[in-house]
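Asks: take a look and give me a structure for this.
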Amino acid sequence: MKISLKLSRLEIRRTKVKWIILHHTEDEYHGASASIIDNSKYQMNPIMNVVLERNDPDINYHFIIDKIKDEYMVFTCRPFVTLCDYSDISVNTNNAAIHIGLMGSYDFTVPEKRLYEILAFRLLSPLLKLFILNPNRIKLHREVSNEKRTCPGDFFDKAVVISMVRKFVMK
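Replies: As a prediction, the model looks like this:
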């Protein structure tokens, strides 16, 4: 069996990280019902199918948080030095952002407290320290999009995220 390796087509970041943008992954589901989107059995498959459809070994988030059995897990999807491609976010913001995808859609369900804790403790707190940012640099996709969006969902509460980050701040 012959395996061919392609050079990466990922664009390299040329600016300092200034933002952390939170997304849900609903857009990857192409109109699937809420029962599919919020069923952990089906969550990673649409992401992987989009990768296969585009024939591009890339997931458009730096990190994804997914619930595996009874615990939330953090998956690294791409290096910090690469850019994610979001045409609805201004180039200046997008080129200086780390993107985190939360598996599912929080237009349909209320995020569990444990999701907020894992997001704050395992991802946001270390990233804020690494890039020397304060919590007001955390944005929701809907806050930075030039299109009308609810991402990461109407039930997702940024105030809870910020309070958790402050609780778990790494000195």
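Asks: where does this structure have low pLDDT?
Replies: By pLDDT under 70, the low-scoring segments of the chain are 1-10, 26-58, 170-171.
Asks: what about the strands in it?
Replies: 19-24, 63-68, 71-76, 97-102, 138-140 (DSSP state E).
Asks: which secondary structure elements does the third one contact?
Replies: Under the contact definition 3 or more Cβ pairs under 8 Å, 6 or more residues apart in numbering; DSSP states H and E, strand 71-76 sits against strand 63-68, helix 113-118. Backbone N, C-alpha and C define where each C-beta goes, glycine included.
Asks: tell me how many other residues crowd residue 166.
Replies: Residues near residue 166, counting by other Cβ atoms under 10 Å, number 12.
Asks: ok, residue 146 next?
Replies: 10.
Asks: doesn't residue 91 make contact with it?
Replies: No - with contact defined as Cβ atoms under 8 Å, residue 146 does not reach residue 91; the gap is 11.0 Å.
Asks: list the contacts of residue 122.
Replies: Going by Cβ atoms under 8 Å, 6 or more residues apart in numbering, residue 122 touches residue 74.
Asks: how far away is it from residue 143?
Replies: 22 Å (Cβ to Cβ, to the nearest Å).
Asks: over to residue 109: give its phi and psi.
Replies: The phi/psi pair for residue 109 (degrees, to the nearest 10) reads phi -130, psi 160.
Asks: wait, it touches residue 154, no?
Replies: No - taking contacts as Cβ under 8 Å, residue 109 lies outside contact range of residue 154: 10.4 Å.
Asks: among the helices and strands packed on strand 71-76, which is nearest residue 25?
Replies: Each of the helices and strands packed on strand 71-76 has some distance to residue 25 by Cβ to Cβ; the shortest is strand 63-68, at 7.1 Å.
Asks: next up, the contacts around residue 144.
Replies: Residue 144 makes contact with 19, 21, 89-90, 93, 97 under the criterion Cβ under 8 Å, 6+ apart.
Asks: format the strands of the chain as CSV; extra columns: distance to residue 166.
Replies: Shown next, in CSV, are the strands of the chain (distance: least, Cβ to Cβ, whole Å):
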stretch, distance to residue 166
strand 19-24, 15
strand 63-68, 19
strand 71-76, 20
strand 97-102, 18
strand 138-140, 11
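Asks: as TSV, these with mean neighbour count would be great.
Replies: What follows is the strands of the chain, written out as TSV (neighbours: other Cβ atoms under 10 Å):
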stretch	mean neighbour count
strand 19-24	24
strand 63-68	18
strand 71-76	14
strand 97-102	25
strand 138-140	20
